[in-house]
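>>> model this:
(2 chains)
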Amino acid sequence: MMKKKAIIEYFLPILGYIAVIVLFAIIVTIFGEGVTTFKEYSLWKFLTGISWRPATSPPKFGSVPLLVSTLIVAGTAMLIAVPLALATAIYIAKLSNAFTKEVLKPIVELLASIPSVVYGFFGIVFMAPLVQKIFHLPIGQTGFTAGIILAFMALPTIASISEDAITAVSKSIEEASLGLGASRAEMLIHIVIPAAMPGIITAVSLGFGRAIGETMTVLMVAGGALGMPHSIFSPMRPITATIAAEMGETPVGSLHYHALFALAVELFLIVVVFNVIAEYYHEKFSHMGKV
Amino acid sequence: MMDKVKKEHIVFGIIRLLSYASVFFLALLVGYIFIKGFKVISFRFLTDVPRNGITAGGIYPAILGTFYLVLVSFIFAVPLGVLSGIYIAEYTSDNTFARFLRLSVNMLSGIPSVVFGLFGLAIFVNKFCFGVSILSGGLTLGILILPTIIQATIEALKSVPYSFREASLGLGATKWQTIKHIVLPVGMPGILTGVILSVGRAAGETAPILFTAATFYTGRLPHSIFNEVMALPYLIYGLLTEGTFPDKQIPIAYGASTVLLLFVFALSFVAIVIRVKSRRMKKW
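Predicted structure coming up:
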């Protein structure tokens, strides 16, 4: 006997597609608005131009300095975040007692719940003056300052996924290495970490994607200077900050409006690359446990 | 042999030290903002409108605006996200197609928030002519939290033991009856946790509402979903970057940040309590 379907079950397949539909709509919209730029402005100049000057005439939309700023800020963030996050993951997974674990995990999660504008606020009122003082800089709001703040924003993502990967490493290979005379530290460094590597790569890729896409913090803390940054200690304006700062005062449908969408396309493509890397290694490490 | 033990102590010491960095940073950030913020917060600060170009008075309109934005995003994203998660978890088998659906959800969750903002601007504000409004901003935030809710639902349902379903189906229940009366109630704590955390996310996000909903200052409270609104995160940003009297406006930003932090921490706390309780109730 065929059982009767509930009415809602007829709608479920459509609802199941909602993520695909939204993703598709976002891609079509962003690309559609962005590509229009290149009817009036050369794609080559957009990709290789080293000056972004939307207000001059003729305007210049070279995205290289913005991209470089993005990579500097996100790169700095990763240099700080990855060691901290890995240590946190190892500590929670292998070294802490039950109580410390129950305290440390929610604290790391709380970091993830803090709104980015509050991070930006803290960056301006606390971190920027501190960085300025320590490094004797003319301005405290620099790519480096933004990188420090971003590191702590990316830390929960990296730590929690790495922890899952480290926990998933099979007990038997740990015991085997201990049995062969390795110390616990040697076991961690030479056995557990390499075995968890696909998961750690997933974690770092996702964290990097997150850092590249973060907007408010870099808008507030990175300094906002247009032009090519010459060191990590100079004020700069990454892609996200440029979109956020300029879209408000741009007439809808103008060349500048479309150029900002073209920036979004660039941003989107970079983030997708890192998400695909993450996804690829995630597949690997989700199969690992089954061996 | 002694060397090995010493080395191990050093390595573990370093790991322990580094792992406390996030605790230190969190304490620093929260302490720094709370100490200055609680000096400003009073009953009047929470219930009064801003006065004299946001140099005095309260932040009530921004709290109300954020509430409306979260409400719209909630109404839009929660039913859609949960049902979509149910479909992906329960009605697709683990084949290429299901993986494609899940990949789309993951991709969506990785898109930077400012890109959602641009999408909202192009579609809701301009194409649908909703203007800069609660509706546009709420929908944009709704789309932003949608993948989180779908992921939470999928994970929650996947953690329900398969034998529960078999028992229910074996007793003659239909698939939908099984989901409605067995799978959903058991998975509910996980779904609830995801929903609560995404409400916090929607309340705190700034980039998606920059060009779709928020205004730094408006003299009147919103009376329809087509009005632009003040919002807590945008108020904090505006006070720091557009403010003309920093010595009077920065304290208000501390107060607003404290309110926002207390709100998201309260939500996280509720989520943690639900998780701990459901883990304790679990008997399988």
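>>> Going by C-alpha atoms from here, please, whenever you check contacts or count neighbours.
OK.
>>> Which neighbouring elements make contact with the helix or strand encompassing B:Gly85?
Here B:Gly85 sits within helix B:60-86, counting by DSSP states H and E. If contacts are counted by 3 or more CA pairs under 8 Å, 6 or more residues apart in numbering or on different chains; DSSP states H and E, helix B:60-86 sits against helix A:7-16, helix B:43-47, helix B:134-158, helix B:184-204, helix B:232-241.
>>> A:Pro251 and A:His258 touch, don't they?
No. Taking contacts as CA atoms under 8 Å, A:Pro251 lies outside contact range of A:His258: 10.0 Å.
>>> For the two, indicate the residue with more neighbours.
Each of A:Pro251 and A:His258 has its neighbours counted (other CA atoms under 10 Å in any protein chain shown); A:His258 has more, 24 against 11.
>>> what residues does the stretch 51-200 of chain B put near chain A?
B:80, B:83-88, B:101, B:104-105, B:107-108, B:110-116, B:118-119, B:122-123, B:143, B:146-147, B:174, B:176, B:197, B:200 (CA under 8 Å from any CA of the partner chain).
>>> Could you look over the helices and strands packed on helix B:60-86 and pick the most buried one?
Stretch with highest mean neighbour count among those: helix B:134-158 (a mean of 27; mean count of other CA atoms under 10 Å in any protein chain shown).
>>> Of all the residues in the helix or strand just after it, which ones are buried?
Using DSSP H and E, the next helix or strand after helix B:134-158 towards the C-terminus is helix B:162-170. The neighbour-count check on helix B:162-170 (16 or more other CA atoms under 10 Å in any protein chain shown) flags B:Arg165, B:Ser168, B:Leu169 as buried.
>>> Of these, which is the nearest to chain A?
Proximity of the buried residues of helix B:162-170 to chain A (CA to the nearest CA) peaks at B:Leu169, which lies at 11.4 Å.
>>> so what's the closest one up against?
Neighbouring residues of B:Leu169 by CA atoms under 8 Å, 6 or more residues apart in numbering or on different chains: B:Lys175, B:Thr178.
>>> pLDDT at it, what is it?
With respect to pLDDT, B:Leu169 scores 92.
>>> Next, count neighbours for A:Asn97.
11.
>>> separation between it and A:Ile173?
22 Å (CA to CA, to the nearest Å).
>>> likewise A:Leu155?
28 Å.
>>> okay, these two: which has more neighbours?
Applying other CA under 10 Å to A:Leu155 and A:Ile173 shows that A:Leu155 carries more neighbours, namely 29 against 14.
>>> For the more buried one, give its distance to chain B.
8 Å (CA to the nearest CA, to the nearest Å).
>>> Just the element for that residue, please.
Judged by DSSP H and E, A:Leu155 forms part of helix A:143-168.
>>> cool, A:Phe24 as well?
Assigned by DSSP H and E, A:Phe24 falls in helix A:18-35.
>>> Figure out how far the helix holding A:Leu155 is from the centre of its chain.
9 Å (CA atoms, centre = their mean, to the nearest Å).
>>> just stretch B:266-284 next, same as before
The answer for stretch B:266-284 is 18 Å, by CA atoms, centre = their mean.
>>> Please spell out which residues along that stretch are buried.
In stretch B:266-284, counting by 16+ other CA under 10 Å, buried: B:Leu267, B:Ser268, B:Phe269, B:Val270, B:Ala271, B:Ile272, B:Ile274, B:Arg275, B:Ser278.
>>> So B:Phe265 is in contact with A:Leu110, correct?
Yes. Applying CA under 8 Å as the test, B:Phe265 and A:Leu110 come out as touching, 7.1 Å apart.
>>> Need the helices and strands packed on helix B:60-86 in CSV (columns: distance to A:Pro229 and mean pLDDT).
Output for those, formatted as CSV (distance: least, CA to CA, whole Å; pLDDT from 0 to 100):
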stretch, distance to A:Pro229, mean pLDDT
helix A:7-16, 45, 85
helix B:43-47, 41, 91
helix B:134-158, 32, 95
helix B:184-204, 30, 94
helix B:232-241, 22, 93
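>>> With distance to A:Val271 as added columns, please give those in TSV.
As requested, the helices and strands packed on helix B:60-86 are exported to TSV (distance: least, CA to CA, whole Å):
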stretch	distance to A:Val271
helix A:7-16	24
helix B:43-47	39
helix B:134-158	16
helix B:184-204	20
helix B:232-241	25
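>>> For A:Val169, which of those is the nearest?
Judged by CA to CA, the one of the helices and strands packed on helix B:60-86 that comes nearest to A:Val169 is helix B:134-158, at 20.9 Å.
>>> That closest one vs helix B:184-204, what angle?
Interaxial angle of helix B:134-158 relative to helix B:184-204 (axes from the mean of the first three to the mean of the last three CA atoms, to 10 degrees): 140 degrees.
>>> and helix B:134-158, what does it pack onto?
Checking 3+ CA pairs under 8 Å, 6+ apart, helix B:134-158 ends up next to helix A:18-35, helix B:60-86, helix B:96-110, helix B:113-120, helix B:184-204, helix B:207-210.
>>> Out of these, which one sits most buried?
helix B:207-210 (a mean of 29).
>>> hmm, who's touching that helix?
Counting by CA under 8 Å, 6+ apart, A:215-216, A:244, A:248, B:113-118, B:120, B:137, B:140-141, B:234 sit against helix B:207-210.
>>> same thing with stretch A:219-228?
A:50-52, A:64-66, A:68-69, A:73, A:120-121, A:123-124, A:128, A:140-146, A:234-238, A:240-242, A:244-245, B:237, B:241.
>>> Just the buried ones from the residues you listed, in PyMOL syntax?
Applying 16+ other CA under 10 Å to those, the buried members can be selected in PyMOL as follows:
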select buried, (chain A and resi 50+51+52+64+65+66+68+69+73+120+121+123+124+128+140+141+142+143+144+145+146+234+235+236+237+238+240+241+242+244+245) or (chain B and resi 237)
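>>> Strands - which of the contacts of stretch A:219-228 land there?
Per DSSP state E, strands hold the following members of the contacts of stretch A:219-228: A:Trp52.
>>> Among the contacts of stretch A:219-228, which ones are in helices?
A:64-66, A:68-69, A:73, A:120-121, A:128, A:143-146, A:240-242, A:244-245, B:237, B:241 (DSSP state H).
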